[in-house]
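Student: What shape does this take:
(2 chains)
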Number of protein chains: 2
Amino acid sequence: MTVAQFSRLEKDYPWITGPIIASAPMLNIATAKLAVAVSSARGIGFIAGGYDLSNLEEQLIQAQALVNKVSFQQSQLQQNPGEPPVLPVGVGFLNWGASLDATLPLIQKYRPCAVWLFAPKTGVDDLVPWVRAIRSEVSYDVKIWVQLCCLEDAIEYTEKLLPDVLVVQGCDAGGHGFARSASIVTLLPEVLDQLRSTNPSQAQNIGRPFVVAAGGITDGRGLAAAMVLGADGCAMGTRFLASPEAQIAQGYQSEILRASDGGVNTVRSTVYDRVRGIYGWPTKYDGRGLINRSYEDIVNQKVTEEENKRLYEKEKLKGDDGWGPQGRMTTYAGTGVGLIRAVMPAARIVTKMRRDAMESLQRPILPAKL
Amino acid sequence: MTVAQFSRLEKDYPWITGPIIASAPMLNIATAKLAVAVSSARGIGFIAGGYDLSNLEEQLIQAQALVNKVSFQQSQLQQNPGEPPVLPVGVGFLNWGASLDATLPLIQKYRPCAVWLFAPKTGVDDLVPWVRAIRSEVSYDVKIWVQLCCLEDAIEYTEKLLPDVLVVQGCDAGGHGFARSASIVTLLPEVLDQLRSTNPSQAQNIGRPFVVAAGGITDGRGLAAAMVLGADGCAMGTRFLASPEAQIAQGYQSEILRASDGGVNTVRSTVYDRVRGIYGWPTKYDGRGLINRSYEDIVNQKVTEEENKRLYEKEKLKGDDGWGPQGRMTTYAGTGVGLIRAVMPAARIVTKMRRDAMESLQRPILPAKL
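Tutor: You can find the predicted model right below:
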C-alpha cells in the first residue's frame, strides 16, 4: 500500500487502519454484533443481507444502537457537516436473489459505509443497475465492494463497475465461491498485474480499487502473505465463526475448533445447498464445507436427493448433536479451519492479526549475511 | 530460516544458497539439462525417474557430463576426501510404480545428492523400505525429500521417515496431487505448527526437516509469500515448463505462455491419465491441467472412455497442433499459468526469482508511520 493509497483508505473509512481487515457478510451468521465488533477494532465488519434481506433492517437498527455504545469518535463517522453520521459497517448481498428496490431505502435510511456485491445471476451486467442506483440515488458516499473468484471477472467488474474494493476470493474459502478456482497465491498477483497493465499511468496505484484477499486467511501469517502478494488487506469468514459475536450454533462452532487438515476434511460441493432446498446459486458456484453424512451419502450413492433432504430435516431436530462428520448439519468452513483453535472476541481477532502480520513482515526471513 | 538452519542448508548442499529453489521432477520433462541448469544457479534441480525409471540412467550420465562442463567448484560437490563427488542434482520417483531394486544401484553409481519420493501406492509404510535402504545401503549421504499434500501425511511422513525435506504441495500445483487439497496458504502454516508442537524443545528448528512449498509459485512474490508463511523455499514445475531446458513439445510450451486465469481454465481430473492409459495412480490423486477436449467431451458425456482414448491417440499425430482448448494433448499446468508470459533460461528463472523474493520482503508494505 502506497502513502497515497493509505491516505485514501483513511479518507474513505476514517475509523480504519491499514491493512484492511474485514469480516465477510456470512449468511445468517454475520450480524450487527459481529460487524460492529470488527469495525470497533479498526477493521470493517459486514452484515449479511443475503438473498432475501430477511432480518436486514433489524440488524441495521441493532448496528446503529451498538455503534452508539462503542467508542467511535464522531469525527470518524461524519462525512459532511450537517449530515447524519455514516454507519461504520457495510452490508453484503447475494445478488442472484437480492432485490435492489428493497435494498435502496434501507441503505438510504441506515447509511452503511459500504455495500458488498457477490454472485450476480448471469454476470457483471446484473450489477450495473445496482452500482448506478447506489451511486446516484443514495445521498451519501457508499463504497462499492465486489467479490469475485477469477481474473476474467476482476477485469470486467473493474471496467464496468469502477468498484472501490475488489474482494479477490481464492479456492480455500469456506462457503460459496467458484467450483473451479485458484487460491489467492496465483489469483491475487494475476489480478494485480492486470490492474497495473490496464492502468499504467496511474502513479502510486491511486486509481485502482483496493484489493482485499479472501480465502484461507485465518491469522497474521496469512494476512502477511496476502500483502506480500500485493493485497491491501484481507476478508475473513471462517476465522470469525469462532468468535462469541458470530450468530452460530454451538455444534457448528465446536466443529470449527475440532476440525483440522482442511484440504482433505472439507469439500467443495452443491450438496449442502441442495439438502437445505437452496437452488438459486448460479451454476459456477458451490460451497466448501466440512465433510459430513449429507455429502458422503450422496457421493457414495447411498441415498437419493429426496431422502438426503428428508434426513437433513430430521437431523435438525438433534440440535448441536447434528454437527460433526457423522452428522448432517451444514458446516461451511475454509481449508484454514485447522488453524483455528480457540474462540476469540472478534475485536481481538482483528487486533492480534494486524499485529502478527506486521511482525511477520518485519522479521528477517533469512540470515542477514545474504 | 534461522542461522542454524541456513548453516545446515549450506552443509547439506554446498552449492545452494537460501531460500531453497527446486525444480520438480516432472515426468518426461525434467531432464538432466533442466536439473543441472537449476543447480548451476544455486538452486536444486531434480531429474524425473517417474514410475518406471525409463531413461533415468541415460539422464544421470548426461547430468554427470553437464556438471563437469558447468563451473561447480569441486569443494561444493565433494562430501568426503577420497570419495567421488556428489552429483548436485536430485532424482524424483513416483513410488506407486518405481522399483527400489532398480533404483538403488543407480543411486550408488551416479550419486545424486537427493531423492524425492512421492505418491506411494498405499501409504507411508511403502516408503519405509526405500528410506531404510537408501540410508543404509548407499555409501554416501543421500538427502531424502518427500512430497505430500495434507497435514496427516506430513505428520506420518515426518515421524516414520525422518525426512530431510518436506515438499508441501498445495492444490494450485499443476500435474498430480491430491484431488481434495488446500493451497499452501493454509497447508503450510498448519504443517509448520504441527512440526513445532511435536518438536518443541528443538532450538532454532534445527531438528525439523526443511519445508519447501509447492503449488502455484511462479515468481518472486509467490516465493516471498511462501516464506512469510514459514517455508524455507519452494519447488516449481509449471514455471520451468517455459524454459528452453525443459523437454517439452512446442505446442505444450505455447499453451503455457498463452493460458491465463488458471483457476477456471485448468481443472483437476483423472481424465488426462485415462486417455493416456495410465491407471497406476492411487485413488486420492488426480492431475491439474489446462481444459481441453479430452476433458470437455468426457464431462459432457459426448464420448465414451474408449472413444476418448482413441481420439487422443489420433490427436497425437497432429504434432504441436494437438495442444490448445480445442486439442486433446495433455497440458498439465498449475493455476499460476497466467503469470508465466515468457520463456526464460532455467538458471535465470532461479536467480531472478530469488532476487525478486528478497526485494518483495524488504519493501515496506505499509507507510512507515504505522
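
Student: Residue A:72 against residue A:16, yeah?
Tutor: No: assessed by Cβ atoms under 8 Å, residue A:72 is found out of contact with residue A:16, at 11.3 Å. Every C-beta, even on glycine, is put in place using the N, C-alpha and C of the backbone.

Student: tell me, what's touching the two both at once?
Tutor: residue A:39 (Cβ atoms under 8 Å, 6 or more residues apart in numbering or on different chains).

Student: Between those two, tell me which one has more neighbours.
Tutor: residue A:16 (21 against 18; other Cβ atoms under 10 Å in any protein chain shown).

Student: Mind jotting down where the helices sit in the stretch 1-150 of chain A?
Tutor: A:3-12, A:32-40, A:56-69, A:74-77, A:100-110, A:128-137 (DSSP state H, counting those that start in this stretch).

Student: Pick the most buried one from those helices.
Tutor: When the helices of the stretch 1-150 of chain A are scored by mean count of other Cβ atoms under 10 Å in any protein chain shown, the highest mean neighbour count falls to helix A:32-40 (a mean of 27).

Student: near chain B, which residues of the stretch 1-150 of chain A show up?
Tutor: Taking Cβ under 8 Å from any Cβ of the partner chain as the contact definition, the stretch 1-150 of chain A meets chain B at A:1, A:2, A:3, A:6, A:17, A:18, A:19, A:149, A:150.

Student: In strands only, show me these.
Tutor: Among these, no residue falls in strands (DSSP state E).

Student: would CSV of those residues with pLDDT be doable?
Tutor: Conversion of these to CSV gives the following (pLDDT from 0 to 100):
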residue, pLDDT
A:1, 82
A:2, 85
A:3, 87
A:6, 90
A:17, 93
A:18, 91
A:19, 96
A:149, 98
A:150, 98
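
Student: In ChimeraX, select just the buried ones from those residues.
Tutor: Filtering the residues of the stretch 1-150 of chain A next to chain B down to the buried ones (16 or more other Cβ atoms under 10 Å in any protein chain shown) takes a single ChimeraX command:
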select /A:1,6,17,18,19,149,150
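
Student: Let me have the residues of the stretch 1-150 of chain A next to chain B in JSON lines, extended by distance to residue B:348.
Tutor: Supplementary listing: the residues of the stretch 1-150 of chain A next to chain B in JSON lines, determined by distance: Cβ to Cβ, whole Å:
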{"residue": "A:1", "distance to residue B:348": "30"}
{"residue": "A:2", "distance to residue B:348": "29"}
{"residue": "A:3", "distance to residue B:348": "33"}
{"residue": "A:6", "distance to residue B:348": "35"}
{"residue": "A:17", "distance to residue B:348": "40"}
{"residue": "A:18", "distance to residue B:348": "35"}
{"residue": "A:19", "distance to residue B:348": "33"}
{"residue": "A:149", "distance to residue B:348": "33"}
{"residue": "A:150", "distance to residue B:348": "30"}
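
Student: on that earlier part again, for the helices of the stretch 1-150 of chain A, give me JSON lines that also has distance to residue B:161.
Tutor: Formatted as JSON lines, the helices of the stretch 1-150 of chain A follow (distance: least, Cβ to Cβ, whole Å):
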{"stretch": "helix A:3-12", "distance to residue B:161": "47"}
{"stretch": "helix A:32-40", "distance to residue B:161": "43"}
{"stretch": "helix A:56-69", "distance to residue B:161": "52"}
{"stretch": "helix A:74-77", "distance to residue B:161": "55"}
{"stretch": "helix A:100-110", "distance to residue B:161": "57"}
{"stretch": "helix A:128-137", "distance to residue B:161": "55"}
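
Student: Could you tell me how far the lowest-mean-pLDDT helix or strand in chain A lies from the centre of the chain?
Tutor: Least confident helix or strand of chain A, by mean pLDDT, DSSP states H and E, is helix A:74-77 with a mean of 78. Helix A:74-77 sits 24 Å away from the centroid of its parent chain (Cα atoms, centre = their mean, to the nearest Å).

Student: Then stretch A:349-356?
Tutor: Here stretch A:349-356 shows a centroid-to-chain-centroid distance of 17 Å under the convention Cα atoms, centre = their mean.

Student: buried sites along it?
Tutor: Neighbour-count burial for stretch A:349-356 flags A:349, A:350, A:351, A:353, A:354, A:356 (criterion: 16+ other Cβ under 10 Å).

Student: swap in stretch A:338-352?
Tutor: A:338, A:339, A:340, A:344, A:346, A:347, A:349, A:350, A:351.

Student: which of the residues you listed come close to chain B?
Tutor: Restricting the buried residues of stretch A:338-352 to those near chain B - Cβ under 8 Å from any Cβ - leaves A:338, A:339.

Student: Mind checking which of the buried residues of stretch A:338-352 land in helices?
Tutor: A:346, A:347, A:349, A:350, A:351 (DSSP state H).

Student: ok, now which ones touch the closest residue to the second one other than its chain neighbours?
Tutor: With sequence-adjacent residues excluded and distances taken as Cβ to Cβ, 6 or more residues apart in numbering or on different chains, residue A:347 is closest to residue A:41, at 3.8 Å. Remark: with contacts taken as Cβ under 8 Å, 6+ apart, residue A:41 is in contact with A:21, A:346, A:347, A:348, A:349, A:350, A:351.

Student: what about stretch A:110-126, how long is it end to end?
Tutor: Its first and final residues considered, stretch A:110-126 spans 24 Å by Cα to Cα, to the nearest Å.
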